[in-house]
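Asks: Coordinates for the following, if possible.
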Amino acid sequence: LFLYMLGKDLIDRPQMWQLVLEAGASSLSVVAFSPYENHALIHETISLDASAPSALRALEDAVYENPMLLLDFRRVMVYYDAPRMAALPGMAASSAGVCLQRMFPPSDVRTEVLVDNIPGMDACVAFEIPSDILGFLRRTFHNASIGHPLVPVASYFGMKHSARPSGKTLVNITGNRLDVVTLGSGAPLVLNSFRFVEPMDAVYYILASRSTLGLRDTDEIMIAGDRDVRAAIAPVLRRYVRYVMPAIFPSVMFRAGKASLAAPFEMVVAPLMSPLPPAGGGSEAGN
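Replies: Alright, predicted model coming up:
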């Protein structure tokens, strides 16, 4: 007897929930959250089948084998962990495709360029996504918003530190991806994602970004994400920066329990950036 990891019976009233997905090269992370069901939260990471004939087929199988993902959620947000991405000023959003073409060699697969604007910042993230995967996501999750995982990190960080923000750096670690956001007085000074192999690679990227800006050793660094990597890099960073501390976890999400602490930081804060309207106020989908 085959048992679904995420069966439909896990959620009784999906219209009271929002679904957050993060699709990467080897996994599909899932967070389902409801502010109306006692801040209930479900988190799971589904490994994609490396032996599948294509990345699209691996993603399709992961979704169809977990029927909970196909429920009629109030809102669906999908984040695609695209390695080919670029942070751009808001005014450059219309030329994002040209910018990416100049930064990266031609892709071996047919892709499309999406632009994810960052609320409250004069910046956006442009990224490439395979056309077949984009088509599947749009067909399967009606009216889902599709963006880059750097955006909810930057948006949340900017909102939390809107007063005297300049020079503050947030580091978020998910798998082998390192997100670095350094706030400025208006637009961010640094907004980028890096791939790393060893924790000391992450230290290098963080310090190199700071050195380029000439930041002071009193401009603090806040670290979110993977606990083991955080524990490895924090003592090294403290040799160069006085204030290195854990990022402040959103207090409202503590009510969701241990599942929220285990989920990727960007997926936990994403529902807070697009809160659901009051229950009974009509259906609404992400754009």
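Asks: Based on its surroundings, how many neighbours for the residue nearest to N38 when sequence neighbours are not counted?
Replies: Nearest non-adjacent residue to N38, counting by C-beta to C-beta, 6 or more residues apart in numbering: R255, 7.5 Å away. Bear in mind the C-beta positions are built from the backbone N, C-alpha and C, glycine included. A count of nearby residues for R255, using other C-beta atoms under 10 Å, gives 12.
Asks: can you check M77 too?
Replies: The number of residues packed near M77 is 24, by other C-beta under 10 Å.
Asks: Output the helix or strand hosting it in CSV with nothing but the alpha carbons.
Replies: Following DSSP states H and E, one finds M77 within strand 75-80. What follows is strand 75-80, C-alpha atoms only, in CSV (Å, rounded to 0.1, in the frame of the first residue of the first chain):
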residue,chain,number,x,y,z
ARG,A,75,-2.9,31.6,-2.2
VAL,A,76,0.0,29.8,-3.8
MET,A,77,3.5,31.2,-3.9
VAL,A,78,6.2,29.4,-5.9
TYR,A,79,9.9,30.3,-5.6
TYR,A,80,12.3,28.9,-8.2
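Asks: May I see the buried residues of it?
Replies: For strand 75-80, a neighbour-count test (16 or more other C-beta atoms under 10 Å) marks 75-80 as buried.
Asks: Note down every partner strand of that strand and its orientation.
Replies: Neighbouring strands of strand 75-80 in its sheet, by DSSP bridges, are strand 18-23 (parallel), strand 145-147 (parallel).
Asks: Pick the most buried one from those strands.
Replies: A comparison of the strands paired with strand 75-80 by mean neighbour count, using mean count of other C-beta atoms under 10 Å, puts strand 18-23 on top with a mean of 25.
Asks: Which one of the buried residues of strand 75-80 is nearest to V190?
Replies: Comparing the buried residues of strand 75-80 against V190 with C-beta to C-beta places Y79 closest, at 19.9 Å.
Asks: circling back to that earlier point, need the buried residues of strand 75-80 in CSV (columns: pLDDT and distance to A232).
Replies: Converted to CSV, the buried residues of strand 75-80 look like this (pLDDT from 0 to 100; distance: C-beta to C-beta, whole Å):
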residue, pLDDT, distance to A232
R75, 95, 36
V76, 97, 35
M77, 97, 30
V78, 98, 31
Y79, 98, 25
Y80, 98, 28
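Asks: Looking at those, which two lie furthest apart in space?
Replies: Largest separation among the buried residues of strand 75-80 by C-beta to C-beta: R75 and Y80, giving 17.0 Å.
Asks: Good, wrapping up.
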